[in-house]
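J.: how would this look folded up:
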Amino acid sequence: MNPETPQENYDQPVAYDANGNPLYAHPPKVAAPAPQVVHVARMVEPVEAVVSPEAQIRHERSMRQWPYLNLSAGEYVVSAVRRHPIGLIIPLTVGALLIAVALSVLFNYAGFVELAQIRGAAASIDTVAVPILLFCLLVGLGMFVIYYVYVNNKFFLTNESVIQEIQISLFSRLEQTVSLSNIEDASYTQHGIIQQLFNYGAIRLSTEGDETTYRFTYVANPKAHIATLNNAVEAFKNGRPVTGD
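T.: A predicted model of the protein is given here:
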């Protein structure tokens, strides 16, 4: 049986250099420094921020115009971004055509009966009047829901944050608020000749840290809105007042 090899003591020097400094066979273990704890003191009664008379006037005006927005003291709306009406053309046009065709069939049903030689209960206009009118009512209701959801998707730029009102459905709504200090990038896109001709597109915001991306589509004149937003972010981060002018 082989004798046990003695364990080397790496804390003892094995030699010395020309200047007399010790040399080790293995670097000695260095204890990890203790974590530093920083305690931040908070005032029991923080000093209330001073709001200028001009900012207060703009805050009150914004509260009257958009009472559903949750604006802090001295916060006011710099820019209200709404969707371009071109997004409603296709769904409303299709709905209007369906209603027009249905009513045309109803008003000219006697001619259809004679042309198709329909007999029995189906030949009576009273039989088809209720289904056709119900169909028109449902199509009209669908058009109203599409219009309501579309126009109630709004995007607001204030002197402190960006607020996005998202109308998901008729009875479902979402609000997102992002501080101007957290916005890392703001840009816009326009794809295709139609968006170029009618001057609409999508704006995109990305935030620092969690890398969340916010998008708002069918924006009229997106270049001007992004320029205003970038100026507001730059002014806010540099401690200058955000006016939007």
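
J.: Quick one: the strands in the protein, in order.
T.: 15-16, 22-23, 77-81, 154-158, 161-169, 172-179, 183-189, 200-207, 213-220 (DSSP state E).

J.: The second one - which strands sit beside it in the sheet, and in what orientation?
T.: Right, the one you point to is strand 22-23. With DSSP bridges as the test, strand 22-23 is paired with strand 15-16 (antiparallel).

J.: I'd like the distance from the partner strand to the chain centre, please.
T.: In terms of C-alpha atoms, centre = their mean, to the nearest Å, the centre of strand 15-16 is found 67 Å from the chain centre.

J.: what do you get for stretch 16-23?
T.: Counting by C-alpha atoms, centre = their mean, stretch 16-23 comes out at 66 Å from the chain centroid.

J.: just to revisit the earlier point, got TSV for the strands of the chain, with distance to Val128 too?
T.: To be clear about C-beta, it is placed using only N, CA and C from the backbone, and glycine gets the same treatment. Converted to TSV, the strands of the chain look like this (distance: least, C-beta to C-beta, whole Å):
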stretch	distance to Val128
strand 15-16	108
strand 22-23	104
strand 77-81	46
strand 154-158	42
strand 161-169	32
strand 172-179	36
strand 183-189	48
strand 200-207	42
strand 213-220	38
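
J.: Quick check: which of the ones you listed has the most neighbours on average?
T.: Of the strands of the chain, the one with the most neighbours on average (mean count of other C-beta atoms under 10 Å) is strand 154-158, at a mean of 22.

J.: quick check: angle from it to strand 161-169?
T.: 170 degrees (axes from the mean of the first three to the mean of the last three C-alpha atoms, to 10 degrees).

J.: Tell me which residues are up against strand 154-158.
T.: Defining contact as C-beta atoms under 8 Å, 6 or more residues apart in numbering, one finds that strand 154-158 is touched by 62, 66, 69, 71, 75-82, 162-165, 203, 216, 219, 225, 228-229, 232, 242, 244.

J.: tell me the contacts of the nearest residue to Glu208 once chain neighbours are set aside?
T.: Leaving aside its sequence neighbours, Glu208 sits nearest to Glu184 (C-beta to C-beta, 6 or more residues apart in numbering; 4.6 Å). Shown in contact with Glu184 (C-beta under 8 Å, 6+ apart): Ser206, Thr207, Glu208.
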